[in-house]
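*Asks:* coordinates for the following, if possible.
(chains A, B, C and D)
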Protein chains: 2
Amino acid sequence: MVLDAQNPIPLYFQLKNIIENQISSGELKPGEKVPSENTLCERFQVSRTTARQAITELVNSGKIIRAQGRGSFVAQYPINKPPYRLTGFSADMKKQGFKPSSKILEFKVMLPTPEIARMLRIGPSDAIIFINRLRYVDKVPMGIEYTYMPFNRFPGLMDEDFENNSLYETLINKFNTVPSRIAISIEPVNCDNNLSNLLQAKNDTPILHMADITFDQNERLIEYSTCYYRGDRYSFQVEINKHQNENMLFVNKDFDKTRLDDNPK
Amino acid sequence: MVLDAQNPIPLYFQLKNIIENQISSGELKPGEKVPSENTLCERFQVSRTTARQAITELVNSGKIIRAQGRGSFVAQYPINKPPYRLTGFSADMKKQGFKPSSKILEFKVMLPTPEIARMLRIGPSDAIIFINRLRYVDKVPMGIEYTYMPFNRFPGLMDEDFENNSLYETLINKFNTVPSRIAISIEPVNCDNNLSNLLQAKNDTPILHMADITFDQNERLIEYSTCYYRGDRYSFQVEINKHQNENMLFVNKDFDKTRLDDNPK
DNA sequence: CAGTGGTCTAGACCACGCT
DNA sequence: GCGTGGTCTAGACCACTGA
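*Replies:* Coordinates of the predicted model:
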């Protein structure tokens, strides 16, 4: 294995991929020592900065643990990132081996309610796109989603077919908009008659309510969405990582109290 | 503002703090351009590597957006990290301005059930510490938590008083164990008679069930815990970030399907 | 074109953990 | 003492953006 300086892929990234593959192939086992930074420099003929950048990204993604004076080691319990909604419902489900499908109940341009305007940070007369989708997994109703997006940011979106295509994939491919951050609020709710009809669920089915706001790679607001999922068929999974740098002893900044909606009603 | 090279706090960290403060004080407003890396080099008399390290960490924590060729900018919607469980229930609630308290219902050493042994990755004859706590917020029952920890990793833990002290703070201060990563599974459940008695809640109160596994800074497993929270008093909030480096175009690794418990029952 | 961030080099000194 | 990661310098060239 050698690095290719002519390759447009940066050296640190090539090196990172090599190490990543050694970990996933089992060549480097959990708990095992990763070659030291100096060793990597010699082995791959790069400067220490470059070797270090490769390792740093693997540390940030949780695959490697650094220990000053001892070395770097493959993480014992590698992070298994849950299908995490930044890829969209369809991709999430496919990753888990299920067959997702959707039925569009409503898809139109409208004016926002005051609440939705506040969540989207737009004015009351700014049009929005509203999508109401029933989500199926293996032909069984799984949940219902109400999605609200600023209209003027996505010209031509109304011509798309979201029964067969993923909203997120369309955003990425046709609007150069990559969902990159999502703030989620989750709570359990009771099933009402409306929900039990829509989801073909018993009246005592526990329901998971999720509200979220999504931002793109430039921190522009993409969507506000609120969803109800059948609790007998859905569990939400997430991993929370303390950043490497937040571990440092001289850090003592307090975070503010936080809410999904920071503007009081 | 100048940096102090004699200060044990690294230069990049001092610089990072300065910029962070400028953002939170409003001196640098959302969307505004951050001084370029070269400008920071001159202004603070550091190398570009150092200035860049400061900015990089702010990018990773979501406070700054980088745009090649244009500059770096304060994020429009700064991340408000939800109280995120890595600090423990008490700290989470205090941050939100509530008064948490706890009542220990059980606290003992015992042998694990097969399920708990599997979650803690220990043998069936390895003792565990079991803590059952009722959680209150402003004197009202909020939820009940069942915590399981490997006994042999925490000698002396049984002498602690967790009615008045935080488990996580004790781990940090007395066992040099910093909760650093947590994998959580969330689902809604119905309230049964046992829960409604314990939580003094109506029988139709929606309940949020959370199961989680926590790891320390060296990726050692700290605890497995399962909790039930009153849905009328609790919502779970989380922010999910795409890592800067995962945005890159030549990334195309698929994540495996994932679960909190990767060993089938 | 000038200014920006993205990548990279070849060094240096330090703090830490282990033997 | 030696090897490790942590921090830092002073350069360099490139790709991209906007005027």
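
*Asks:* from here on, just use CA atoms for contacts and neighbour counts.
*Replies:* Fine.

*Asks:* what ranges does the stretch 51-200 of chain A have for its strands?
*Replies:* Taking DSSP state E, counting those that start in this stretch, the strands of the stretch 51-200 of chain A run over residues A:64-67, A:71-74, A:100-110, A:128-137, A:140-150, A:181-189.

*Asks:* quick one: the helices in chain A, in order.
*Replies:* Ranges of helices in chain A, per DSSP state H, are A:11-25, A:37-44, A:48-60, A:89-95, A:114-120, A:167-175, A:193-198.

*Asks:* export those helices to TSV and append columns for mean pLDDT.
*Replies:* As requested, those are exported to TSV (pLDDT from 0 to 100):
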stretch	mean pLDDT
helix A:11-25	91
helix A:37-44	92
helix A:48-60	90
helix A:89-95	78
helix A:114-120	92
helix A:167-175	84
helix A:193-198	92
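
*Asks:* DNA strand D: which of the strands of the stretch 51-200 of chain A is closest?
*Replies:* When the strands of the stretch 51-200 of chain A are compared by Cα to the nearest atom of the strand, strand A:71-74 sits nearest DNA strand D, at 3.2 Å.

*Asks:* residues of that closest one that come out buried?
*Replies:* Burial within strand A:71-74, assessed by neighbour count using 16 or more other Cα atoms under 10 Å in any protein chain shown, is assigned to A:72-74.

*Asks:* on that earlier part again, which of the strands of the stretch 51-200 of chain A sits most buried?
*Replies:* strand A:181-189 (a mean of 24; mean count of other Cα atoms under 10 Å in any protein chain shown).

*Asks:* near chain B at all, that strand?
*Replies:* Yes. Among the residues of strand A:181-189, A:181-189 lie within reach of chain B under Cα under 8 Å from any Cα of the partner chain.

*Asks:* what's the closest of the helices of chain A to chain B?
*Replies:* Evaluated with Cα to the nearest Cα, those place helix A:89-95 nearest to chain B, the distance being 5.5 Å.

*Asks:* centre of the chain versus the closest one, how much separation?
*Replies:* Computed by Cα atoms, centre = their mean, to the nearest Å, the separation of helix A:89-95 from the middle of its chain amounts to 12 Å.

*Asks:* can I get that helix as PDB, trimmed to CA atoms?
*Replies:* In PDB, the C-alpha atoms belonging to helix A:89-95 read as follows (Å, rounded to 0.1, in the frame of the first residue of the first chain):
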ATOM      1  CA  PHE A  89     -36.400   8.100   5.800                       C
ATOM      2  CA  SER A  90     -35.900   5.900   2.800                       C
ATOM      3  CA  ALA A  91     -32.200   5.600   3.100                       C
ATOM      4  CA  ASP A  92     -32.500   5.000   6.800                       C
ATOM      5  CA  MET A  93     -34.800   2.100   6.300                       C
ATOM      6  CA  LYS A  94     -32.900   0.600   3.400                       C
ATOM      7  CA  LYS A  95     -29.800   0.600   5.500                       C
END
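
*Asks:* so which elements touch it?
*Replies:* When contacts are defined as 3 or more Cα pairs under 8 Å, 6 or more residues apart in numbering or on different chains; DSSP states H and E, helix A:89-95 packs onto strand A:100-110.

*Asks:* so residue A:64 touches residue A:74, yeah?
*Replies:* Yes. At 4.6 Å, residue A:64 and residue A:74 qualify as touching, with contact defined as Cα atoms under 8 Å.

*Asks:* report the residue spans of the stretch 101-250 of chain A with pLDDT below the cut-off.
*Replies:* Within the stretch 101-250 of chain A, the set of residues satisfying pLDDT under 70 comprises A:241-250.

*Asks:* how near is the closest residue to residue A:134 other than its chain neighbours to residue A:193?
*Replies:* Residue nearest to residue A:134 in three dimensions, not counting chain neighbours: residue A:144, with 4.5 Å by Cα to Cα, 6 or more residues apart in numbering or on different chains. For residue A:144, the distance to residue A:193 equals 14 Å [Cα to Cα, to the nearest Å].

*Asks:* with residue A:160 instead?
*Replies:* Residue A:160 sits 32 Å away from residue A:193 when distances are taken as Cα to Cα.

*Asks:* got the residues of the stretch 51-200 of chain A near DNA strand D?
*Replies:* A:66-72 (Cα under 7 Å from any atom of the strand).

*Asks:* could you give the separation of stretch A:222-239 from the chain centroid?
*Replies:* For stretch A:222-239, the distance from its own C-alpha centre to the chain's C-alpha centre is 12 Å (Cα atoms, centre = their mean).

*Asks:* how about the strands of the stretch 51-200 of chain A, which one is nearest residue B:119?
*Replies:* Residue B:119 sits nearest to strand A:71-74 of all those, at 20.4 Å, using Cα to Cα.

*Asks:* list the contacts of residue A:142.
*Replies:* Counting by Cα atoms under 8 Å, 6 or more residues apart in numbering or on different chains, residue A:142 touches A:134-136, A:199, A:229-230, A:233-234.

*Asks:* in contact with the nearest residue to it once chain neighbours are set aside, which residues?
*Replies:* Nearest non-adjacent residue to residue A:142, counting by Cα to Cα, 6+ apart: residue A:136, 5.1 Å away. The contact partners of residue A:136, taken as Cα under 8 Å, 6+ apart, are A:100-103, A:142-143.

*Asks:* which residue is nearest the middle of chain A?
*Replies:* Relative to the mean C-alpha position of chain A, the nearest C-alpha, by Cα atoms, centre = their mean, is the one of residue A:86, at 2.8 Å.

*Asks:* in contact with the residue lying closest to it once chain neighbours are set aside, which residues?
*Replies:* Spatial nearest neighbour of residue A:86, excluding adjacent residues (Cα to Cα, 6+ apart): residue A:179 at 5.9 Å. With contact set as Cα under 8 Å, 6+ apart, residue A:179 has these partners: A:86-87, A:168, A:172, A:214-217, A:222.

*Asks:* distance check, residue A:179 against residue A:145.
*Replies:* In this structure, residue A:179 lies at 17 Å from residue A:145, with Cα to Cα as the measure.

*Asks:* same question, residue A:102
*Replies:* Distance, residue A:102 to residue A:145, using Cα to Cα: 10 Å.

*Asks:* could you do residue A:50 as well?
*Replies:* Distance, residue A:50 to residue A:145, by Cα to Cα: 44 Å.

*Asks:* then residue A:94?
*Replies:* The spacing between residue A:94 and residue A:145, counted by Cα to Cα, is 18 Å.

*Asks:* hmm, back to that, of the contacts of residue A:179, keep whichever come out buried.
*Replies:* By the neighbour-count criterion of 16+ other Cα under 10 Å, the contacts of residue A:179 include these buried positions: A:86-87, A:168, A:214-217, A:222.

*Asks:* return the nearest residue of the stretch 51-200 of chain A with respect to DNA strand C.
*Replies:* Counting by Cα to the nearest atom of the strand, the stretch 51-200 of chain A gets nearest to DNA strand C through residue A:69 (3.3 Å).

*Asks:* tally of neighbours for that residue?
*Replies:* Residue A:69 is flanked by 6 other residues according to other Cα atoms under 10 Å in any protein chain shown.

*Asks:* check residue A:121 too.
*Replies:* Other residues within reach of residue A:121, judged by other Cα under 10 Å, total 11.

*Asks:* for it, give me its contacts.
*Replies:* Applying Cα under 8 Å, 6+ apart, one finds that residue A:121 lies in contact with no residue.

*Asks:* contacts only, for residue A:147.
*Replies:* When the contact criterion is Cα under 8 Å, 6+ apart, the partners of residue A:147 are A:129-132, A:223-226.

*Asks:* run the last query once more with 7 Å
*Replies:* Taking Cα atoms under 7 Å, 6 or more residues apart in numbering or on different chains as the contact definition, residue A:147 lies against A:130-132, A:223-226.

*Asks:* possible to save those as a markdown table with distance to residue B:22?
*Replies:* Supplementary listing: the contacts of residue A:147 in a markdown table, determined by distance: Cα to Cα, whole Å:
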| residue | distance to residue B:22 |
| --- | --- |
| A:130 | 38 |
| A:131 | 39 |
| A:132 | 41 |
| A:223 | 29 |
| A:224 | 29 |
| A:225 | 32 |
| A:226 | 34 |
